[in-house]
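**Student:** Could you work out the structure for the sequence below:
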Amino acid sequence: MKTIIFFFLFFLYTILPTTAQEFGYHWICSPNPDDTTQIQFRRVYFSYSKPKQATLTIISTGHFQVYVNERNITGDVLMPSMDSVKEALKGLTFDITRFLQPEKNTIAVWYSPKKGICSDKQLSLSYFGKTAYDTSFCYNTDGTWDCRSVGAYTLPGNREYVNGEKECPDWKSDDTGYLKWEKAWYSSDTTTYDCHLESSFYPSQKITHILYPVSAYSDSMGYHIDFGKRFRGWIRLTIRDARPGEEIHIGGLTYICNGQMDEQACRRFTFDTQKEVIISGDRNFKASQIQSIEGLEIQSYFHQSYLY
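**Tutor:** Just a heads-up that it's a prediction; the model follows:
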């Protein structure tokens, strides 16, 4: 009977989140935080050998994407899933052991402010685990982290602005000396938030289907695309022969082209529910520049593991 009770309690522990007032968090922000600018954070951690095991616990007042050694550690999007700004902040835990390398490991986070929350408590992250020699280690976000504005903004009305000319795929690597980084600042916000440290079982979101147009036509308003069904998610455009600085509008996304071959325009932190979308642009935009149009359908699901 005791054994049954033990396993029942252990099961509850693994599926129920822990709620607490802020304690032991290590909040950092960009030097000039606001409620629209998306920020990239980055830190390289050195070690004598590859850690035996490591975990990340992340909490934020906004949405984020996380990379370890340039690899996206999860297929989930719009993390953390929050239905209301009145909810407690949600802390997520990731087992990143399989992404680790010997000598050095780069942790990078792309952060977006969330509508309704104006705070310089942008990111709190703990990186902890076991070394190759079985000793414990733990590192927290602090003033040694680098950060930079990425030329992308999360705007009112569920809109997003992305300047492709400022994009740099290498930002999450360990060699980005040519980029202009600033040191992160400690948060000065004295607001206290309730925080949920999620268990391995929690609601999240992911891309479940890729949809393609069933019809299209052009008029004076732009290029009209019909996907044949309503869906919640993103429109991803692949563009060729665009001029640097060319401006394209894709529903709620404004994208500034960088002129590279087959560049892609897509949101990261906002979404729409749509069946049709109008694509338009400045005087340099031509429908013939569009190489492909995809609808990325996002659906909710329950995540059930620390492994992604």
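
**Student:** Give me the phi and psi for residue 39.
**Tutor:** Backbone dihedrals for residue 39, given as degrees, to the nearest 10, come out at phi -130, psi 140.

**Student:** Residue 148 versus that one, what's the distance?
**Tutor:** For residue 39, the distance to residue 148 under the criterion CB to CB, to the nearest Å works out to 7 Å. C-beta here means a position set from N, CA and C on the backbone, and glycine is covered the same way.

**Student:** Those two - which one has more neighbours?
**Tutor:** Set side by side, residue 39 and residue 148 show more neighbours around residue 39, with 26 against 18, by other CB atoms under 10 Å.

**Student:** Pick out the residue closest to the middle of this protein.
**Tutor:** Closest to where the C-alpha atoms of the chain average out (CA atoms, centre = their mean) is residue 65, at 2.4 Å.

**Student:** what is in contact with residue 39 and residue 148 at once?
**Tutor:** Common neighbours of residue 39 and residue 148, counting by CB atoms under 8 Å, 6 or more residues apart in numbering, are residue 30.

**Student:** can you count the residues close to residue 233?
**Tutor:** 24.

**Student:** Is it in contact with residue 266, as I believe?
**Tutor:** No - with contact defined as CB atoms under 8 Å, residue 233 does not reach residue 266; the gap is 10.1 Å.

**Student:** what separates the nearest residue to residue 229 once chain neighbours are set aside from residue 228, distance-wise?
**Tutor:** Nearest in space to residue 229, with sequence neighbours left out and distances taken as CB to CB, 6 or more residues apart in numbering, is residue 275 at 6.2 Å. Look at residue 275 and residue 228: by CB to CB, they are 7 Å apart.

**Student:** hmm, back to that, okay, now the sheet partners of the helix or strand where the residue nearest to residue 229 lies, with direction.
**Tutor:** With elements taken from DSSP states H and E, the one containing residue 275 is strand 272-281. Sheet pairing here is set by DSSP bridges, and for strand 272-281 it gives strand 222-239 (antiparallel), strand 247-250 (antiparallel).

**Student:** Dump those to JSON lines, plus mean pLDDT and distance to residue 157.
**Tutor:** Shown next, in JSON lines, are the strands paired with strand 272-281 (pLDDT from 0 to 100; distance: least, CB to CB, whole Å):
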{"stretch": "strand 222-239", "mean pLDDT": "97", "distance to residue 157": "16"}
{"stretch": "strand 247-250", "mean pLDDT": "98", "distance to residue 157": "13"}
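
**Student:** Deepest-packed of the ones you listed, please.
**Tutor:** For the strands paired with strand 272-281, the stretch with the most neighbours on average is strand 247-250, a mean of 21; neighbours defined as mean count of other CB atoms under 10 Å.

**Student:** How about residues contacting it?
**Tutor:** For strand 247-250, with CB under 8 Å, 6+ apart as the criterion, the contacting residues are 222, 235, 237, 239, 242, 254-257, 265, 277-282, 285.

**Student:** right, and the helix or strand after that strand?
**Tutor:** Sequence-wise, the next helix or strand downstream of strand 247-250 (DSSP H and E) is strand 253-256.

**Student:** Would you mind pulling up the elements that that next one packs against?
**Tutor:** In terms of contacts (3 or more CB pairs under 8 Å, 6 or more residues apart in numbering; DSSP states H and E), strand 253-256 is packed against strand 159-163, strand 247-250.
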